[in-house]
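1. Sharing a model that was predicted from the sequence below.
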Amino acid sequence: MDSRAQTIAPPTMGVGEEHREMAMTRKQWLLSSVIAFATLASTAVVAGPIENYSPVTSARLENPEPGNWLMTRGNYKGWSYSSLDQINTNNVKSLVPVWSFSTGMDSGHEAPPIVNNGVMFISTPYIQVIALDAATGDLLWRYKPKLPEGFSALHNTNRGVSLYGDKVYVAGLDAVLHALDAKTGKVAWDAKVEDWKTGYYMTMAPLVVKDKILVGVAGGEFGVRGFVQAFDAETGKSVWKTYTVPAPGEPGSDTWQKPDTWKTGGASTWMTGNYDAESNTVYWGTGNASPWFGDQRPGDNLYTSSTLALDGDTGKIKGYFQYHQNESWDWDEMNAPMLVDFRKDGATTKGLLKPARNGYLYWLKRSPDGGISYINSEAYVPQNVFKSIDPKTGRPEVDMAHKPATGKAAQFCPGLWGGKDWPYEAYNPRTGMVYIPSNENHCNNLEGKVEERVPGQWWTGVAIPDFHFTVDTKAGFYGELQAYDVDSGKRVWRNLYSGSMMWGSILTTGGGLLFTGGTNDREFRAYDAKTGEQLWHFKTNSGIIAPPSTYEVNGVQYVAVQSGYGVDPAFQQELMSQLVGWQKDVPQGGVVWVFAVSK
Amino acid sequence: MPGNDWLHCRCYKRRTILELALAALLAGSARAAEEGEAAKPPAPDDRFAFLTGPKKGQVVRAEDLALGGPQMQAYPMAPDGTVRSDSRLNLVILARFDPAALTDETRTRAADGVVAYSAICTHQGCPVNAWSNERSAFVCSCHGAIYDPRNAAEVIGGPAPRPLAALGLKLKDGVVTVASTFSGHVGVTQN
């Protein structure tokens, strides 16, 4: 299917020569005390030519070298953590840009730079994939697929590539999974996942589990039925497919009490899962139920707004936890929880930790058999929907005055973008803290109506002009960055953003730092992970809504991030311009920025 | 998964009949021509078939449209009955207003207050399938672009860069009929 795509390579691939020159240039950035944190794998390839590409194995993914950033959140546990510490609280003030690269694309850039031994892969809106020399920023290849005529998607973004063997995998907006040759960018195979005309699309980074590539789908606003599907990494053949809404007769089907509502019930799977290699369990989050108003689909509606535990080999559902039942607030719980072990009653618990979109931070227990059980939860932003939460089951008691329904308007806070949306929280094992990018002092007031479904069209039961998004105009802030101790559950510090929402994923490092953007002022910031003190900032071209990553080439640690505002943050920004007078437009257009410490 | 194939099915039946009739001489080319017809953009003398609502699949008459909005979605239908639903870019929205409420430009294209525009949002290509009572205007449900149906679908809110392309209309015995082709590019121009 090469005809669907166009790969651009530079006229000469003399990467080796360029790298020798580059190595001299890089000396400027070498610190006087380079500590050999890189493993053999990350130092062995001296930013070698792409001909010497290092194949990615399951063993490498299970124990990623600190010098590389092999997957979206850095490791299978979803920590967004790197042990690299060359850049640290002492020298971060000397961080300077060493190269940048314009993607040439507009809309929201939400993919982290993925780095494998000196080669960086980024994806852009409209699913372009670009391979760059991670030390110099030189273009190695570029993949530009053609979307079908008449194509549209609610979000044109992409959240990153995944690596396995000698291939790069990217989930197409048009619900086609693409496998590219990592060395050339040429298509190795394409696999149709679903028919985009019916409302399915894909934005998440695929998850590699052994020799399989797992993908999930978006489309919860279009009445799709969610699923997670696994493909053979080598051939692209489907291996298993697990729907996240049970068909009649399957376990959980009794939670769809009205006939046929399950067929269009949502539970999309639009964010990447995490993986426990020890128990071979994939943890994958699910989105809102559809349409948005629960009275149109009575019942708990499993497995909407849940975390599913799936067998990595078969996709069999081994366990689940549903955060809220009969979903009616567009509170997707699409982010998989982080795999974090924490202290509970004097003992270490193998746990799952999740700041949920519903505004609560959850401590859950993960069992070797895939079972998920509730331990505790605390609101991390004010929330007016849950009257209480059952201490044994975690099931909330909902205040019906704050539950919208068909023909019944109700206000709820936080609004539909939740206490946090998809941006990744991070966990730093050295501080024992989880860092949450969150938003508060905002609400929605929704009233549902019954709408005829047209496959491929918006089908929520409410139109965008009727979202009635409001904020507390007397509040001193909206966006915030919070740190919680995972053992005590206590908030340790928080930073408040008075003039912006917070849409930034967090990167945390062994250097005692946090890196994030997420605000409308185009800033990229570094904070002290222990105290929250801002230590460094840099104004980029656009707003940053992509996750940062960090890596090492030839003994130099780099921090990289894409800056490119768009999608929901831009929409919300426009609403805030009407409500509180923020500037309407944050400049758009994607650029990759790479930073290192100046000598 | 409920399909959106009702229009295609209808076409297919027609196609089958036609193929049988022309099998001796023209089977291959006739099929190609027919499939092409269903993907071609609306042309003069096309009528419209409702995509949704109680009259789904039926020919659109002026009185079927509520005065003052909201819009209805429809596909153009060639004079031979072929519904042009093979391309999503052919989807149109129809609405009816008091002719006095229309701007001169829009009234010139309208037929007794009935207006027709491409349904494909010029922002990101989603169908413009929502209606704002507050603004009395078309709304794209994906990202909130707002278009003024009385004034050439000019953008009056949201992120769209250009108006929707308009169709010139006429009425034939009350049936809404295409008089002139799209006034401009349909859908997204970028990327």
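-> Yes, it's here. Everything quoted here is computed from the prediction, not taken from an experiment. Numbers count the residues shown, from 1 in each chain, chains lettered A, B, ... in the order given.
2. Partner strands of the strand or helix carrying residue A:320 and their direction?
-> According to DSSP states H and E, residue A:320 maps onto strand A:317-322. Paired neighbours of strand A:317-322 in the sheet (DSSP bridges): strand A:306-311 (antiparallel).
3. which other residues reach the strand it pairs with?
-> With contact meaning CB atoms under 8 Å, 6 or more residues apart in numbering or on different chains, strand A:306-311 is reached by A:228, A:242, A:244, A:267, A:273, A:280-286, A:316-323, A:333, A:336-337, A:352, A:354, A:364, A:366, A:370-372. Using the backbone N, CA and C atoms, a C-beta is placed for each residue, glycine as well.
4. how about the residues of chain B near chain A?
-> Listed as neighbours of chain A in chain B under the rule CB under 8 Å from any CB of the partner chain: B:1-4, B:51-53, B:73, B:87-89, B:120-121, B:124-127, B:129-132, B:134-135, B:139-144, B:146, B:158-159, B:187-188, B:190-191.
5. Just the buried ones from these?
-> In the residues of chain B next to chain A, burial by neighbour count holds for B:4, B:51-52, B:73, B:87-89, B:120-121, B:124-127, B:129-132, B:139-144, B:146, B:158-159, B:187-188, counting by 16 or more other CB atoms under 10 Å in any protein chain shown.
6. Restricted to helices, list those residues.
-> Members of those lying in helices (criterion: DSSP state H): none.
7. which stretches of chain B have low pLDDT?
-> B:1-35, B:190-191 (pLDDT under 70).
8. Residue A:295 belongs to a helix, doesn't it?
-> Yes. Assessed by DSSP: H, G, I helix; E, B strand; the rest coil, residue A:295 belongs to a helix.
9. ok, it touching residue A:405?
-> Yes. Using CB atoms under 8 Å, residue A:295 is in contact with residue A:405, at 4.5 Å.
10. list residues touching both of the two?
-> Contacts common to residue A:295 and residue A:405, judged by CB under 8 Å, 6+ apart, are A:328, A:448.
11. can you pull out the strands in the stretch 451-599 of chain A?
-> A:469-471, A:479-485, A:491-497, A:507-509, A:513-516, A:523-528, A:534-539, A:549-553, A:556-563, A:591-597 (DSSP state E, counting those that start in this stretch).
12. Only alpha carbons, please: show the strand holding residue A:320 as PDB.
-> This file holds the C-alpha atoms of strand A:317-322, laid out as PDB (Å, rounded to 0.1, in the frame of the first residue of the first chain):
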ATOM      1  CA  ILE A 317     -10.800  -9.400  30.300                       C
ATOM      2  CA  LYS A 318      -9.300 -10.500  33.600                       C
ATOM      3  CA  GLY A 319     -10.600  -7.700  35.800                       C
ATOM      4  CA  TYR A 320     -12.000  -4.200  35.800                       C
ATOM      5  CA  PHE A 321     -12.700  -1.100  37.900                       C
ATOM      6  CA  GLN A 322     -15.500   1.300  36.900                       C
END
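13. what angle separates the helix or strand that that strand is followed by from strand A:479-485?
-> Following strand A:317-322 in sequence order, the next helix or strand is strand A:338-344 (DSSP H and E). Relative orientation of strand A:338-344 and strand A:479-485, computed by axes from the mean of the first three to the mean of the last three CA atoms, to 10 degrees: 50 degrees.
14. Give the partner strands of strand A:338-344 in its sheet and their orientations.
-> Assessed with DSSP bridges, strand A:338-344 is paired to strand A:347-355 (antiparallel).
15. Now tell me what touches the strand it pairs with from outside.
-> Contacts for strand A:347-355 (CB under 8 Å, 6+ apart): A:283, A:307, A:333, A:335-344, A:361-367, A:372, A:375, A:380, A:419-420, A:425, A:427, A:434, A:436, A:438, A:486.
16. and if you look at stretch A:565-580?
-> A:106-110, A:125, A:155-157, A:417, A:421, A:469-471, A:473, A:478, A:501, A:503, A:520, A:542-545, A:582-588, B:143-144, B:158-159.
17. Looking at that stretch now, give me its mean pLDDT.
-> The average of the pLDDT scores along stretch A:565-580 is 95.
18. Tell me which residues of that stretch come out buried.
-> So for stretch A:565-580, counting by 16+ other CB under 10 Å, buried means A:565, A:566, A:567, A:568, A:569, A:570, A:571, A:572, A:573, A:574, A:575, A:576.
19. Looking at these, which is nearest residue A:531?
-> residue A:569 (27.0 Å; CB to CB).
20. State the number of residues packed around the closest residue to chain B within the stretch 251-400 of chain A.
-> At 6.7 Å from chain B, residue A:263 is the closest residue in the stretch 251-400 of chain A, using CB to the nearest CB. If you count neighbours by other CB atoms under 10 Å in any protein chain shown, residue A:263 ends up with 16.
21. Checking my notes, it in a strand, right?
-> No. When three-state DSSP is applied, residue A:263 is found to be helix, with no strand at that position.
22. Filter the contacts of strand A:347-355 down to the buried ones, ChimeraX style.
-> Selecting only the buried entries of the contacts of strand A:347-355 in ChimeraX, with 16+ other CB under 10 Å as the criterion:
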select /A:283,307,333,335,336,337,338,339,340,342,361,362,363,364,365,366,372,375,380,419,420,425,427,434,436,438,486
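23. Identify the residue nearest residue 131 in space, chain neighbours excluded?
-> You didn't pick a chain, so chain A it is. Among residues not flanking residue A:131 along the chain, residue A:140 sits closest, at 4.1 Å (CB to CB, 6 or more residues apart in numbering or on different chains).
24. that's the wrong chain, I meant chain B
-> Nearest non-adjacent residue to residue B:131, counting by CB to CB, 6+ apart: residue B:70, 3.3 Å away.
25. roughly how far apart are the one you found and residue B:175?
-> According to CB to CB, to the nearest Å, residue B:70 stands 21 Å off from residue B:175.
26. more crowded one of the two?
-> Neighbour count, other CB under 10 Å: between residue B:70 and residue B:175, residue B:70 has more, with 19 against 15.
27. is it true that that one touches residue B:95?
-> Yes. Applying CB under 8 Å, one finds residue B:70 in contact with residue B:95, separated by 6.9 Å.
28. need the strands of the stretch 451-599 of chain A in JSON lines with mean neighbour count and distance to residue A:392, can you?
-> Listed next are those as JSON lines, based on neighbours: other CB atoms under 10 Å in any protein chain shown; distance: least, CB to CB, whole Å:
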{"stretch": "strand A:469-471", "mean neighbour count": "18", "distance to residue A:392": "35"}
{"stretch": "strand A:479-485", "mean neighbour count": "23", "distance to residue A:392": "23"}
{"stretch": "strand A:491-497", "mean neighbour count": "17", "distance to residue A:392": "25"}
{"stretch": "strand A:507-509", "mean neighbour count": "30", "distance to residue A:392": "33"}
{"stretch": "strand A:513-516", "mean neighbour count": "28", "distance to residue A:392": "35"}
{"stretch": "strand A:523-528", "mean neighbour count": "22", "distance to residue A:392": "37"}
{"stretch": "strand A:534-539", "mean neighbour count": "15", "distance to residue A:392": "41"}
{"stretch": "strand A:549-553", "mean neighbour count": "30", "distance to residue A:392": "39"}
{"stretch": "strand A:556-563", "mean neighbour count": "28", "distance to residue A:392": "42"}
{"stretch": "strand A:591-597", "mean neighbour count": "23", "distance to residue A:392": "48"}
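29. Much appreciated, bye for now.
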